[in-house]
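Can you look at this prediction? I've put the sequence above it.
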Amino acid sequence: MKITPQAIADVLLIEPKVFGDARGYFFESFRQDIFEAATGYPVNFLQDNESFSARGVLRGLHYQRAPYAQSKLVRVIQGEVIDVAVDIRVGSPTFGQHVAARLSSDNKHQLFVPRGFAHGFVVLSETAIFSYKVDNLYAPEHDSGIHFADQDLAIDWGINAQLIQTSDKDRALPSLNEKLNRDPDSLFRYEHNLYE
C-alpha cells in the first residue's frame, strides 16, 4: 500500500497493492495498522456509506460541523469520478485551496480527506458506485457545505458544466467567503499539520 501526501499534505492518496490473475483480483482496501504507521494519524471508522450516480451527478461540497466533523476514506467500486477536498480550516496556509484526484474502479486509488475539509465528487463515467468510510456518525443537524461552483475555489470538475446535475440543497449552498463572513463558527480552526 502506497500512501502519498497531496499538494495539501493532510490529504492522502492511497494506492493499494492489487493482486490479479486470470480469475480476477484481490486487494486490501484498508489496513488501520499500515495507515497509522505511515501517518501517525489515529482513525476509527464508524460508518460505511455507498452511493450510485449517473454521469454528471455532482455531490458536494459537503462536511459536518464540529463536534460531528468527519474524516473520510473514499474510493470508487465501479466507474470513474473526480474527487475534490477543499481546505476550510481558518488560518491554514492552504485555506480555500483544493486537491483533486481521479478515482476509478480501474486504478483503485483512494483519497483520505481529514476533518477540516469540504468534500465532493462528480461522475465522469456512465454510472459510478462510490464508497466511503467515515470516523463519525451522520448528524443531519450538523450537515453543512460550500457551493461546488464557488468561483474563488476555481475547481475544474473535468466535465462540461451543462452536464452537471446536483440536488436543490447543493445548489443553494453558499460560497466559502459567504460562509466565512456570515457563519465563521461553522468552519474549522487550523492548528497544525495532522501528521507532524
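Ah, there it is.

and the closest residue to residue 14 other than its chain neighbours, what does it touch?
Using C-beta to C-beta, 6 or more residues apart in numbering and skipping residues adjacent in sequence, the residue nearest residue 14 is residue 110, 4.2 Å away. Where C-beta positions appear, they are placed from N, C-alpha and C, glycine not excepted. Residue 110 makes contact with 13-16, 29, 73-75, 103 under the criterion C-beta atoms under 8 Å, 6 or more residues apart in numbering.

Pick the one among those closest to residue 178.
Each of those was scored against residue 178 by C-beta to C-beta, and residue 74 proved nearest at 26.0 Å.

Determine the next helix or strand in the C-terminal direction from the helix or strand harbouring residue 52.
According to DSSP states H and E, residue 52 maps onto strand 47-54. Once the chain leaves strand 47-54, the next helix or strand it forms, by DSSP H and E, is strand 58-64.

Rounded mean pLDDT for that next one, please.
The predicted model gives strand 58-64 an average pLDDT of 97.

any idea of the mean pLDDT in whichever helix or strand comes after that strand?
The first helix or strand that comes after strand 58-64 along the chain, using DSSP H and E, is strand 72-78. Taken as a whole, strand 72-78 has a mean pLDDT of 97.

which one of the contacts of residue 110 is nearest residue 45?
Ranking those by separation from residue 45, with C-beta to C-beta as the measure, puts residue 73 on top at 7.0 Å.
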